[in-house]
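Peer 1: below are the sequence and a predicted model for it; my questions follow.
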Amino acid sequence: MSRRPRTPRRRVAVITGTRSEYGILRSVMAAIAAEARLELQVVVTGMHLLPEFGRTESDIARDGWQIAARVPMQRGDDDALDQARGLARGVAGIADFLVAANTDIVVVLGDRIEAMAGALAAVTTGRVLAHIHGGDVAAGDFDESLRHGITKLAHLHFAATRRSAQRIIRMGERPEHVFLVGAPGLDRLGELIEERSPERAGQTRKARAGETFAEPRLAGQLARTALVVYHASGRAAAVEERGMHAVLSAVKKAGLRRFIVYPNTDRGHRGVLRAIRRHAVEDEGNGAVTVARSLARDDYLRALLAADVLVGNSSSGIIEAPLAGTPSVDVGDRQAGRQPAGPSVIHAAENERAIRAAIKKALATRPRRGGSNVYGDGRAGQRIAGILAQVALSDGLRRKQIAY
């Protein structure tokens, strides 16, 4: 009796360009690697390859992932030309890999130029493009334009919220290709919350004994701690420096210890770095300030769980912080329009007085940890891998046509 030939596994390239987006993609990558019908290809680019930002490709390798390709993009210069040339290098380098590796599906997340490079490389070489977190609204720099541009290029859409899924459909995408899966950034956070439950506390302490990062680092001399994550929004470096100075000054005057994480490479980031360095020097030696060039995803999530408040303009303050039970202060307009996951997200204008008032209000809240919200239930990665394994990769899918 002859055996039926095995169906070859679908080769799925996941493009990652930043530490934060890699952290969000980890559960998706793990689910793809665990799916018998899929073969994972990890493509590393962008900030991961820049020494100034911690060269975080090492985090990916340390997590046990085999890196299939490294594609240099930005040089780390803080100007628009570096972004444009980086995009061009990314498209060319990723396209070369996709053809050489005979990739079937390309997965990108969000709205950065690394995702756009992967998207353009995918569609121009005939691959199926899957986009995570399309349909969201957040001003950023030119993030909004990139996100919606990637949506129009993508063949499969993995929406984080019902509202986002509806926006994708209103953009003319076919409803049968839009999947409500939730935010994959909640997947690992949910696991860590479960680890911290009283019945598993002893196991958690034992498992974490050898780790280099631990929550006591956040305790310091002061009673409470703020996790500070502030990214540039494409403005002049001097403007971004003033914005970060207002954040740091407000947190300091609120009597909080500051655990500060470096920004992304968005235009204007040099100003944010100057403000961080000046602030760290002013409080050097008193234990009130800790600065991290980068944090592994688990370390970041544990810092979020341990902090009394998150202050800045990171999407994690909108999406992850409410599930972590950590109130957050969203400063300025970078996340304007993004749907908050709960009432513990407090918005503040980008000035010191407004930020201090928002911090006071946030610290008075008592958000509940765990559960589910508009961003899902922490199983997005599994859903995405299942869809990638079974969806028909037909010419009808690849040849897009507006649906209205």
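Peer 2: Thanks, I have it. Numbering: from 1, shown residues only.

Peer 1: C-alpha only now, for contacts and for neighbours.
Peer 2: Will do.

Peer 1: what's the neighbour count on residue 176?
Peer 2: 9 (other CA atoms under 10 Å).

Peer 1: surely it is within a helix?
Peer 2: Yes - the assignment for residue 176 by DSSP: H, G, I helix; E, B strand; the rest coil puts it in a helix.

Peer 1: OK, contacts around it?
Peer 2: Counting by CA atoms under 8 Å, 6 or more residues apart in numbering, residue 176 makes contact with nothing.

Peer 1: that one and residue 25: what is the separation?
Peer 2: 23 Å (CA to CA, to the nearest Å).

Peer 1: separation between residue 152 and residue 324?
Peer 2: From residue 152 over to residue 324 (counting by CA to CA), the distance is 33 Å.

Peer 1: equivalent analysis for residue 243, please.
Peer 2: Remark: distance between residue 243 and residue 324 (CA to CA) = 26 Å.

Peer 1: equivalent analysis for residue 401, please.
Peer 2: In terms of CA to CA, residue 401 sits 41 Å off from residue 324.

Peer 1: who has more neighbours, these two?
Peer 2: Neighbour count, other CA under 10 Å: between residue 401 and residue 324, residue 324 has more, with 25 against 12.

Peer 1: isn't that one up against residue 372?
Peer 2: No - using CA atoms under 8 Å, residue 324 makes no contact with residue 372, being 10.7 Å away.

Peer 1: so where is this structure shaky, pLDDT-wise?
Peer 2: Applying pLDDT under 70 to the chain flags the ranges 1-6, 140-141, 197-222.

Peer 1: ok, now which ones touch residue 108?
Peer 2: Applying CA under 8 Å, 6+ apart, the residues contacting residue 108 are 14-16, 115, 118-119, 129-132.

Peer 1: now name the helix or strand holding it.
Peer 2: For residue 108, the element it lies in under DSSP states H and E is strand 105-109.

Peer 1: determine which two of the contacts of residue 108 are furthest apart.
Peer 2: Farthest pair in these (CA to CA) is 16 and 129. Separation: 14.3 Å.

Peer 1: quick one: the strands in the protein?
Peer 2: 10-16, 38-45, 67-71, 105-109, 128-132, 156-159, 178-180, 225-229, 257-261, 289-292, 309-312, 328-331, 345-348 (DSSP state E).

Peer 1: out of these, flag the one nearest residue 377.
Peer 2: So among the strands of the chain, strand 178-180 is nearest, using CA to CA, at 11.5 Å.

Peer 1: so what strands line up beside the closest one?
Peer 2: strand 156-159 (parallel) (DSSP bridges).

Peer 1: kindly export the strand it pairs with (C-alpha atoms) in CSV.
Peer 2: Provided in CSV are the C-alpha atoms of strand 156-159 (Å, rounded to 0.1, in the frame of the first residue of the first chain):
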residue,chain,number,x,y,z
LEU,A,156,-4.3,38.5,5.5
HIS,A,157,-5.2,40.8,8.4
PHE,A,158,-4.8,39.9,12.1
ALA,A,159,-6.7,42.6,14.0
